[in-house]
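*Asks:* Take a look and give me a structure for this.
(2 chains)
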Amino acid sequence: MSVLGELRSSRKAASGPRARGGLRRGDGRAAALFLAPWFAGLLLITAGPMVASGYLSLTNYNLLQPPEWIGLDNYSRMLEDPRLLNSLQVTFTYVFVSVPLQLAAALALALLLDRGLKGLAIYRSVYYLPSLLGGSVAIAILWRQVFGSDGLVNQVLAFFGVQGQGWVSHPDYALGTLMALNVWTFGAPMVIFLAGLRQIPQMYYEAASIDGAGKIRQFRSITVPLLTPIIFFNLVLQVINAFQTFTQAYVVSGGTGGPADSTMFYTLYLYQRGFGALDMGYASAMAWLLLAIVAGMTAVNFLASKYWVFYND
Amino acid sequence: MSTSITHRQRPARGALLKVGALLTVGALALGACGGDRGAAGPADTDTTAAEEGEDVTIRFSWWGSDTRHEVTQEVLDLFMAENPDITVVGDFTDWGGYWDKLSTTVAAGDAPDVITQEERYLADYASRGVLADLSTLDIDTAEVDPGVVASGEVDGGLYGIATGINAYAVVADPQIFADAGVEMPDDTTWTWDDYVEIASEISASGEDVFGAQDYGFNEPGFAIWARQQGQNLYTPEGTLGYDEQTLADWWQTSLDLQDSGGTPDAARSVEIDAGGPEQSLLGTNTGAMGVWWTNQLGAISAAAGRDLELLRFPGESEHERTGMYFKPAMYYSVAETSQHPEAAAKLVDFLLNDPAAGELMLSDRGMPANTSVRDGIQELLPPVEQQAAAFLEDLEDEIVDGAPVPPVGAGEVVEIIRRINTEVLFGRLSPQEAAAQFTAEVEAATGS
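*Replies:* Here you go, the predicted model:
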């Protein structure tokens, strides 16, 4: 209903300054028809489940019996749940360490590839590949092998005479292997960086070098400022992505978030509460907290962007 | 989006159209959902269908290894050949994903008709109305030991029938003992100190093997430890039945083993635990002992490629009583929402009582609960399983009593003990702290 109301009011607003002439009668009908699937999707697949989860977050719901209203109890329980706080700590550590590293790797590779290499398309595809695979189950299983006690990493270390250990099964290192996995999937932001680098007019660099600016100076004074909108875009996307990390942690830890909760990501804990402990009301409340956190982080990002993102236009 | 809508047409008509479009799409989507629900959901107990010879399809869910999947499919083929009007669809995963999947399908109103259950979850599902009372269905339990049938009772109803009998025991590899030059223990008299000593001795033998796999990731081992000392993990009332010190001692012994080199270091123990029977120390010929359920002996022996031996738990003669017990390996249950309870009951009856089905499954779901099926398969068992059968028979006189059915919420203990044991092995919690935390968390999970 509210969507329709919005439509009506926005039509009124639009009827003042007409953007383009020549819209014929049937167009509205056609537009509505084409928009309908999108609205239906929004209502049924996004808004509907969100409303339902909002309701469930106020209930005690074990999946097997009808939900029972308990008000804000789930939310107050969250404050006293040490494992929830631990999962927040794990997730924040992961976001704050792996996202900057990932973006740095992506930018570095993009700068290398931007030098007009022969066969650029091939390199681009090769480096993009991990991004396509990174979130997949197969790679996570491979990761577990590579960082296992007898895995590739330890074999290489053994070659240099270093005694390795089971990286994914040690609580001090398990999260690190997952961060490495995330950094490794730098392909998607790299492709975007590459496109951004292409947008920077060559003449700036020419002018700068005539003025005697070296490569580093050019990078600092031309490339970085003109690339800030792209960096900002990548940052926002990757932060949101990183908060929602699930598959890698689930597969690498065998669904346990172990060893000793060291890879217990927020989403994984949410899943365990909901489907493992059949505490779906609590899991729904957790989902809303995650939404609030991600929205908050994104808002902070946008506010901070005023101070460092430079729009050339 | 909305700004692109044109403003020149008559508003009423446009709005009407949009409502129409929305409704159409909505109706289509709802229709699709409705179709699903109609096919698989509850209500509609049109049970006459089967009797009239109309074809019905039921689903049977179980967890397990690849061998179990293949054998079970053979059993189902046999059942379908005998009951051409019933089609059984297998719904199987490994143990880890089974309960997540089951709870989701049950919540979606799409529960499998015949559900494999386990004692830690049986009370959960039964008390929440998911399972049908099997005593109201046509399933013959005459040849099952009454004590075993009773193990599936919750609040006076029969919600599961045991597939077979199991015991938690030490599995040992005689070959590694011989290689290490260590004598196999006399399992009727060995103590926990002997266990630690033997394991350390084997690790120190110079062969590239470990004495034992860490035992702390699973709570039945602690139940036996506690029972040996006259306590228990759970009381029949569903509360906790042990002193925290007893649990701390259990973890201390595990740490002693780790410190003496009898078990691998913490990281490796975590890794091995995640690998299941196939990648266990015994399965990879890299360790001499481990604690397992007797029905896993076949799978581990197959992975090891040699014959392994079952031993009693250490400490069975150390205190005033023994601690080992028989556990129903799994249960067959029928969903309350099944549209075809008759067909589902027929399948359970077949799995439980049919000699041919028994000959296919052998002891994979525990030594068959049906005594005549059990006798019938003795000859057919491979030597290693015959050993398990003989082992269980020997135990019959020693076992004092069964372990009580775990309370509602006991399923969470699987995860709790694995996590806390990891903390202990890495030295992040002392055995005392671990015992206190375990008690607190299990009490919260089971509401006791």
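*Asks:* got the phi/psi numbers for residue 79?
*Replies:* All of this refers to chain A. phi -60, psi -30 (degrees, to the nearest 10).
*Asks:* swap in residue B:211?
*Replies:* According to degrees, to the nearest 10, residue B:211 has phi -70, psi -40.
*Asks:* how close does it get to residue B:312?
*Replies:* 17 Å (CB to CB, to the nearest Å). In short, each C-beta sits where N, CA and C put it, glycine included.
*Asks:* the more surrounded of these two?
*Replies:* residue B:211 (29 against 24; other CB atoms under 10 Å in any protein chain shown).
*Asks:* wouldn't that one be in contact with residue B:198 here?
*Replies:* Yes: between residue B:211 and residue B:198 there is a contact under CB atoms under 8 Å: 6.5 Å.
*Asks:* Point me to the helix or strand that includes residue B:115.
*Replies:* strand B:114-117 (DSSP states H and E).
*Asks:* repeat for residue B:424
*Replies:* Residue B:424 belongs to helix B:413-425, assigned by DSSP H and E.
*Asks:* Need the contact partners of that helix.
*Replies:* A:171, A:256, A:258-261, A:272, A:276, B:120, B:214, B:216-219, B:222, B:251, B:254-255, B:258, B:266, B:269-270, B:273, B:406, B:429-431, B:434, B:437-438, B:441-442, B:445-446 (CB atoms under 8 Å, 6 or more residues apart in numbering or on different chains).
*Asks:* Now do the buried residues in it.
*Replies:* B:413-425 (16 or more other CB atoms under 10 Å in any protein chain shown).
*Asks:* any idea how chain B splits into domains?
*Replies:* B:50-163+B:329-353, B:167-327+B:400-446 (automatic domain parsing).
*Asks:* What count of nearby residues applies to the closest residue to residue B:179 other than its chain neighbours?
*Replies:* Excluding the flanking residues, the one nearest residue B:179 by CB to CB, 6 or more residues apart in numbering or on different chains is residue B:207, at 5.2 Å. Residues lying near residue B:207 (other CB under 10 Å) number 15.
*Asks:* Give me the distance between the strand holding residue B:115 and the centre of its chain.
*Replies:* Remark: strand B:114-117 is offset 11 Å from the chain centroid, using CA atoms, centre = their mean, to the nearest Å.
*Asks:* do the same with stretch A:231-248
*Replies:* 2 Å.
*Asks:* where does the residue nearest to residue B:179 land on pLDDT?
*Replies:* What the model reports for residue B:207 is a pLDDT of 80.
*Asks:* Shouldn't it be within a helix?
*Replies:* No: according to DSSP: H, G, I helix; E, B strand; the rest coil, residue B:207 belongs to no helix; its state is coil.
*Asks:* List the contacts of residue B:111.
*Replies:* Taking CB under 8 Å, 6+ apart as the test, what residue B:111 contacts is B:102, B:105, B:130, B:335-338.
*Asks:* residue contacts, the closest residue to it other than its chain neighbours?
*Replies:* Spatial nearest neighbour of residue B:111, excluding adjacent residues (CB to CB, 6+ apart): residue B:335 at 4.0 Å. Applying CB under 8 Å, 6+ apart, we find residue B:335 in contact with B:106, B:111-115, B:130-132, B:344.
*Asks:* Need the phi and psi values for residue B:335.
*Replies:* The phi/psi pair for residue B:335 (degrees, to the nearest 10) is phi -70, psi 140.
*Asks:* What residues are bridge-paired with it?
*Replies:* Note on residue B:335: beta-bridge partners by DSSP bridges are residue B:131.
*Asks:* What are the boundaries of the strands in the stretch 1-150 of chain B?
*Replies:* B:56-63, B:86-93, B:114-117 (DSSP state E, counting those that start in this stretch).
*Asks:* before we move on, back to that, among the contacts of helix B:413-425, name the buried ones.
*Replies:* By 16+ other CB under 10 Å, the contacts of helix B:413-425 give A:171, A:256, A:258-261, A:272, A:276, B:120, B:214, B:216-219, B:222, B:251, B:254-255, B:258, B:266, B:269-270, B:273, B:406, B:429, B:431, B:434, B:437-438, B:441-442, B:445-446 as buried.
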